[in-house]
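> I would like to see how this sequence folds:
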Amino acid sequence: MKKHLLASTAAAAALTAPSYAGNYVTGFGGVNLLDNQSVHINAPLLTTGFGPYTTTTTNTSGSVVTSSWLITYGGTKSLFMDFNGEYDFDNGFVIGAALGCDIDAIPGLSVEGELAYRKNDFDLKGDLKVGYHIRKYATKHNLLSATTKYSAYQFTFSANYWPSTVYLLSNTYYLSTLLPDGDGDVTAFSIMANVWYEFGTSGPVKPYIGGGVGWAKVDVDLGGASGDDSGLAWQLGLGVSYDLSDTTSLRLEYRRFQVNGLDITDGGVNLGFEDYEADDIIIGVKVNF
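Here you go, the predicted model:
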């Protein structure tokens, strides 16, 4: 009786438990192609104050003083840079590995956890301008009234430095115009959970599709400036596998990998790198065990 009970229990467990065709490991590498992106960086370099300076103006009519004002002047002087350009990425590389399992209940379906690393060099080209901005203020106090009257106004002006380009709408004068040839690199480390579906065929060639979501950290190194940020990552892919044996297959794959909404700064200055959007051409090997 006990043997029959144990056998029945084992059979029920086998029917209710998830069934797996087997575990596998995949290693892959390939070319990482990053989309170029425009960048705008505006950063203060130095701000100093000046003043206050005071003067008194008095108007008379005969021997009668008709008005008397105490005027106070002051303001700030600001030096800043303004950069408009583009990150121009070279072809880079991606390498990674995944550990997963094939789901026996749904032939062709597999789930996996993946680690990957991407790196690209880039040139940062554009128009760098250094601007000099002066903001002044003035206040007036009526010296004749028992109740002090107050008014204030602000205006902006700049002196003409050479070489310079005057932008009247912004009331700012630029001291220099440069064409920098900066370079650096960007890397991305990702942890992903993927789902793949392989279409069954009678031959050794099998197409597949899939994708995944996860987390990625993106680092930007631009000469003396660097920063990083992390966020939600996602990818979609399709490929074809070729069975080399009962347990090993060769894979050729295309993936679209993205991390959006990045805020990468260095010392409070935004480096202008907002989106990591890459196309990958990958060759991999999958081994079932």
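> and the strands in the stretch 1-150 of the chain?
Assigned by DSSP state E, counting those that start in this stretch, the strands in the stretch 1-150 of the chain fall at 20-34, 37-61, 64-89, 92-103, 109-142, 150-157.
> those strands: lowest mean pLDDT?
Across these, strand 150-157 has the smallest mean pLDDT, namely a mean of 38.
> what's the helix or strand harbouring residue 232 packed up against?
Residue 232 is located in strand 225-243, with elements delineated by DSSP states H and E. With contacts defined as 3 or more C-beta pairs under 8 Å, 6 or more residues apart in numbering; DSSP states H and E, the secondary structure elements packing on strand 225-243 are strand 181-198, strand 205-222, strand 248-259, strand 265-266, strand 276-288. In this view, the C-beta of every residue, glycine as well, is placed from N, C-alpha and C.
> pLDDT of the shortest one, averaged?
Taken as a whole, strand 265-266 carries a mean pLDDT of 88.
> can you list the strands that the strand holding residue 232 pairs with?
Strand pairing for strand 225-243, determined by DSSP bridges: strand 205-222 (antiparallel), strand 248-259 (antiparallel).
> can you redo these as JSON lines with distance to residue 106 and mean pLDDT?
Shown next, in JSON lines, are those (distance: least, C-beta to C-beta, whole Å; pLDDT from 0 to 100):
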{"stretch": "strand 205-222", "distance to residue 106": "13", "mean pLDDT": "96"}
{"stretch": "strand 248-259", "distance to residue 106": "19", "mean pLDDT": "98"}
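> need those strands in CSV (columns: mean neighbour count and distance to residue 24).
Below are the strands paired with strand 225-243 laid out as CSV (neighbours: other C-beta atoms under 10 Å; distance: least, C-beta to C-beta, whole Å):
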stretch, mean neighbour count, distance to residue 24
strand 205-222, 18, 13
strand 248-259, 18, 9
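> so which of these gets nearest residue 54?
Closest to residue 54 of those is strand 205-222 (C-beta to C-beta; 46.6 Å).
> what angle sits between the closest one and strand 181-198?
With axes from the mean of the first three to the mean of the last three C-alpha atoms, to 10 degrees applied, the angle from strand 205-222 to strand 181-198 works out at 150 degrees.
> now do strand 205-222 and strand 276-288, the angle between them.
Compare the direction of strand 205-222 with that of strand 276-288 by the same axes, to 10 degrees and you get 140 degrees.
> strand 205-222 versus strand 92-103: what angle between them?
Relative orientation of strand 205-222 versus strand 92-103 (the same axes, to 10 degrees): 140 degrees.
> and stretch 86-106, C-alpha only, in PDB?
Only the C-alpha atoms of stretch 86-106 are listed here, as PDB (Å, rounded to 0.1, in the frame of the first residue of the first chain):
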ATOM      1  CA  GLU A  86      27.600  65.900 -31.800                       C
ATOM      2  CA  TYR A  87      28.900  62.600 -30.300                       C
ATOM      3  CA  ASP A  88      30.300  60.800 -33.400                       C
ATOM      4  CA  PHE A  89      30.700  57.100 -32.300                       C
ATOM      5  CA  ASP A  90      33.200  54.700 -33.800                       C
ATOM      6  CA  ASN A  91      32.200  51.000 -34.200                       C
ATOM      7  CA  GLY A  92      32.600  49.300 -30.900                       C
ATOM      8  CA  PHE A  93      32.200  45.800 -29.500                       C
ATOM      9  CA  VAL A  94      29.900  43.800 -27.200                       C
ATOM     10  CA  ILE A  95      30.700  40.700 -25.300                       C
ATOM     11  CA  GLY A  96      28.500  38.700 -22.900                       C
ATOM     12  CA  ALA A  97      27.200  35.400 -21.500                       C
ATOM     13  CA  ALA A  98      23.900  34.000 -20.500                       C
ATOM     14  CA  LEU A  99      22.700  31.100 -18.400                       C
ATOM     15  CA  GLY A 100      19.200  29.700 -19.200                       C
ATOM     16  CA  CYS A 101      16.900  26.800 -19.500                       C
ATOM     17  CA  ASP A 102      14.600  25.500 -22.300                       C
ATOM     18  CA  ILE A 103      11.000  25.100 -21.200                       C
ATOM     19  CA  ASP A 104       9.800  21.600 -22.100                       C
ATOM     20  CA  ALA A 105       6.100  22.600 -21.700                       C
ATOM     21  CA  ILE A 106       6.400  25.000 -24.600                       C
END
